[in-house]
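Asker: need the 3D shape of this:
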Amino acid sequence: MRTLCPNLDREDALETVLEVPVPEEMISSNKHNSWQTIRSWMLRPPLDAAAVSSVLGGRAAEIQFLLGVIAAPLIPLPIRCDRATVGDNIKSCPIESSMAKYIVQQYVAAAGGEHVLNSINSMYAVGKVKMAASEFLSGDDLSLGNNSKAGKLKNMKNGRGEIGGFVLWQKRPDFWSLELMVSGYKISAGSDGKVAWRQTPWQHSHASRGPPRPLRRSLQGLDPRSTANLFSNSICIGEKTINGEDCFVLKIEAEPSTLRARSSGKVEIIRHTLWGCFSQRTGLLVQLEDSHLLRIKAPKNDVFWETTMESSIQDYRTIEGVNIAHSGKTSVSLFRFGENSESHTRTKMEEIWSIEEVDFNIKGLSMDCFLPPADLKREDEGSGVINVADSDDLTKNGGLPYKFMANSYRVVGGKGGSKVVAVDEE
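Answerer: The predicted model follows:
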């Protein structure tokens, strides 16, 4: 990962420190042109709504689509700082809950032990990502299973995809900050313990609805303590074999009160469920999957969106006594339904990620590092449903997946893109 950009105007001048490290793959054989490109990214003005509309259907819109969905999703519910142990009212717990507590206890031991995990006050991680939308299906192609007309997008198996890097900072009890840049487009997200927020070049900073929740990326093998605290209140639903590894499957669901807090007048979060698969051999988390369903209320026909994310977690290495996952792959499926079958769509995308550097107990990492942006808007101040288009325009639009703009659930309805429903439940 490159952390410094040379001064292209003066050879004897100091180099520029990059906010987000750049993967080596982005520096081609012609290094001067590569650095010129990176420099143009840093000088690029923020995108406005007109600029977003002008690139609709282009590469920039695809990148926005990817970043809105896969860059910084949150987990279903807040995490308690303390963790229930197997000794807490074990006789009164159902067998599924007591089994889950034992599995979590084994995970804590495998991840480094209670004493080591509790000694960590803060951490940071630097990594690189490669993401692409891989498939788009609509209408009869979904029901017939016909892939002949499916929109085949970039496939990372052929070496294609958008490359970028990220920096993640965390501090106890529930502070975190993420900066992720892909092909010159950066998304920032974070939490100061009171509100979780995100910021993009094409949209004002805005807060998520409901209580602040941790970043899903942290639970992909980077934060064992939060993972253990989250699944301590789960239930064991059985066993599953993943890549030849026998695993226990733990399940946890967001409570109705949390779902109501995240919902709005036009958007209802119906469910959000999380599953964790823990290896019976090593005790470590090897797969994380979550699925949530929301309903966009419309005058005629409600529209439903189901999002499923599945992350394989690999390459555990011991860093200062803590087992940290250093690579993995996340696959995402977006399914829209609820109207006539012709307007149903399914979009798939994937991200390959790796961790280049991890450190703990960062000196000088103060609370000021996690302050939200000055232009932060709350959901009830206008960043929820911006404009509800006519339901016919919304539900009949079966165009390219790049019609998703800015956030996970921003949908451009109507042929001219004049009517927009922006739903950002994250």
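Asker: now the helices for this protein?
Answerer: Ranges of helices in the chain, per DSSP state H, are 31-43, 49-54, 59-66, 95-111, 114-118, 140-144, 224-231, 256-262, 391-395.
Asker: any idea how many residues pack against residue 300?
Answerer: If you count neighbours by other Cβ atoms under 10 Å, residue 300 ends up with 10. Every residue, glycine included, has its C-beta placed from N, CA and C.
Asker: and it, how far from residue 270?
Answerer: Residue 300 is 19 Å from residue 270, where distance means Cβ to Cβ, to the nearest Å.
Asker: sorry, back to before: which stretch in the helices of the chain has the least confidence?
Answerer: Out of these, helix 391-395 stands lowest, with a mean of 33 (criterion: mean pLDDT).
Asker: walking through the stretch 301-426 of the chain, point out its strands one by one.
Answerer: For the stretch 301-426 of the chain, strands defined by DSSP state E, counting those that start in this stretch occupy the ranges 303-319, 322-337, 345-360, 409-413, 419-423.
Asker: tell me which of these sits most buried.
Answerer: Mean neighbours per residue, mean count of other Cβ atoms under 10 Å, is largest over the strands of the stretch 301-426 of the chain for strand 409-413, with a mean of 23.
Asker: give me the below-cutoff pLDDT ranges for the stretch 301-426 of the chain.
Answerer: Scanning the stretch 301-426 of the chain for pLDDT under 70 picks out 340-341, 377-426.
Asker: residues near residue 257, how many?
Answerer: Other residues within reach of residue 257, judged by other Cβ under 10 Å, total 11.
Asker: begin at 808, not 1, for the rest of this chat.
Answerer: Happy to do that; since the first residue is 808 now, the last one works out to residue 1064.
Asker: residue 925 versus that one, what's the distance?
Answerer: Distance from residue 1064 to residue 925, counting by Cβ to Cβ: 29 Å.
Asker: same check, this time on residue 934
Answerer: For residue 934, the distance to residue 925 equals 25 Å [Cβ to Cβ].
Asker: these two: which is more packed in?
Answerer: Using other Cβ under 10 Å as the criterion, residue 934 and residue 925 rank with residue 934 on top: 23 against 11.
Asker: ok, the more buried one - contacts?
Answerer: Residue 934 makes contact with 972-973, 975, 1160-1164 under the criterion Cβ atoms under 8 Å, 6 or more residues apart in numbering.
Asker: for it, name its beta-bridge partners.
Answerer: When bridges are called by DSSP bridges, residue 934 pairs up with residue 973, residue 1162.
Asker: with residue 1137 instead?
Answerer: Under the criterion DSSP bridges, residue 1137 forms beta bridges with residue 1118, residue 1158.
Asker: quick one: contacts for it?
Answerer: With contact taken as Cβ under 8 Å, 6+ apart, residue 1137 is in contact with 877, 1027, 1116-1119, 1157-1158, 1160.
Asker: go on, residue 1167?
Answerer: Counting by Cβ under 8 Å, 6+ apart, residue 1167 touches 927-930, 1126-1127, 1129.
Asker: among these, which one sits closest to residue 1012?
Answerer: Nearest to residue 1012, judged by Cβ to Cβ, of the contacts of residue 1167 is residue 929 at 23.4 Å.
Asker: neighbours around that closest one, how many?
Answerer: Counted with other Cβ under 10 Å, residues neighbouring residue 929 total 18.
Asker: quickly list what residue 1166 is bridged to.
Answerer: Beta-bridge partners of residue 1166, counted by DSSP bridges, are residue 931.
Asker: again with residue 1154
Answerer: Applying DSSP bridges, one finds that residue 1154 bridges with residue 943, residue 1141.
Asker: any figure for the gap between it and residue 885?
Answerer: Residue 1154 sits 29 Å away from residue 885, going by Cβ to Cβ.
Asker: cool, and residue 975?
Answerer: Taken as Cβ to Cβ, the span from residue 975 to residue 885 is 18 Å.
Asker: out of the two, which sits in the busier spot?
Answerer: Shown here are residue 975 and residue 885; by other Cβ under 10 Å, residue 975 has more neighbours (24 against 18).
Asker: on the pLDDT front, check the more buried one for me.
Answerer: pLDDT, read off for residue 975, is 95.
Asker: wouldn't it be in contact with residue 1029 here?
Answerer: Yes: shown here, residue 975 and residue 1029 form a contact pair, counting by Cβ atoms under 8 Å, at 7.1 Å.
Asker: what do these two both touch?
Answerer: Both residue 975 and residue 1029 are contacted by residue 932, under the criterion Cβ under 8 Å, 6+ apart.
Asker: who does residue 987 bridge with?
Answerer: According to DSSP bridges, the partner residues bridging residue 987 are residue 973, residue 994.
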